[in-house]
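Chemist: Here's a sequence, model it:
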Amino acid sequence: MRKAIFTLVAAAIAAFFLYANVVDTDSTKAADEAAPAGPSVSVELNDLIGSDGTATIGTVDREKAAALIASLETAEASTMDGYDRIPQYGTWLTGDDSSDPSFCGDTRNDILNRDFDDITYSHDDDCQIASGTLDDPYTGETIDFTRGPFTSSEVQIEHIVALGYTYRMGANGWTQDKREAIANDSDNLIAVDGPANQSKSDLGPEEWMPTDSGNPAYDCTFVARYAFVADKYELPVTPADRKAMTSTIDTCEN
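Modeler: As a prediction, the model looks like this:
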């Protein structure tokens, strides 16, 4: 009888530890899936693109950019079936979850605050950008921005790697936290001319470059940033997009 009781107790203890290990493994797996892995090539984004943290055109480190591009996995794009922007990627985040917790705005205002010159703030809300000047990286033009129902869309917050593109390349299987992270990641966001942003839509580098909106000088920076974000989130790109990025880095002047 004692032997049977001892056997049952031992089995229960073993089952407990087995269950605990399974739970811990699942929790770790969920945490790993939620967080970006970080770039496989050791480089900070600002060092890679020669930037001061804004949309400034600097001198791209072509060797490191080429290494990043070469390291990207490739895959064929899937469809947009089931894509739903807000439920899957969320809206602009605020506070500690926004792209710049040191500024009090939501992610949109964070990026405007970073990329604009000559900024003024709403008189009743210091967290909201009222006006500013943008040296637009996609058109090469200077845009004088004034917030308002008929003018705010003149400057839009662009996802370098478009959310629709991430969905087609595998983000449909990501966790909600990881999708919201890339949607609000300042590394993946710049303020740009509204019509230029609309023309890019969710196209990849093979189908769209800043050249198409009038500013070939930003092509090299664009593909370096594109590769950095794709690598950071372990996102594959299409073979055609990787080829286009490689060709651009090989021939760009900056």
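Chemist: Sticking with residue 131, tell me its helix or strand.
Modeler: Using DSSP states H and E, residue 131 falls within strand 125-135.
Chemist: Now that strand - C-alpha only, CSV.
Modeler: Coordinates of each C-alpha in strand 125-135 appear next as CSV, following Å, rounded to 0.1, in the frame of the first residue of the first chain:
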residue,chain,number,x,y,z
ASP,A,125,-1.9,70.9,-26.6
ASP,A,126,1.9,71.0,-26.5
CYS,A,127,1.9,67.3,-27.6
GLN,A,128,0.3,68.2,-31.0
ILE,A,129,2.3,69.7,-33.9
ALA,A,130,0.5,72.8,-35.3
SER,A,131,3.0,73.7,-38.1
GLY,A,132,6.4,73.0,-39.3
THR,A,133,8.7,72.7,-42.4
LEU,A,134,9.7,69.4,-44.0
ASP,A,135,12.5,68.8,-46.4
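Chemist: For stretch 190-205, what is the distance to the chain centroid?
Modeler: The chain centre lies 14 Å from the centre of stretch 190-205; the measure is CA atoms, centre = their mean, to the nearest Å.
Chemist: hmm, I was thinking of stretch 217-226
Modeler: The chain centroid and the centroid of stretch 217-226 are separated by 14 Å, computed with CA atoms, centre = their mean.
Chemist: residues making contact with it?
Modeler: Stretch 217-226 is contacted by residues 45, 48-49, 51, 57-58, 60-62, 65, 68-69, 137-138, 140, 160-161, 187-188, 204-205, 209-211, 237, 244-245, 248-249, 252-254 when judged by CB atoms under 8 Å, 6 or more residues apart in numbering. (C-beta placed from N, C-alpha, C; glycine too.)
Chemist: Look up phi and psi at residue 250.
Modeler: phi -70, psi -20 (degrees, to the nearest 10).
Chemist: Cheers, nothing more for now.
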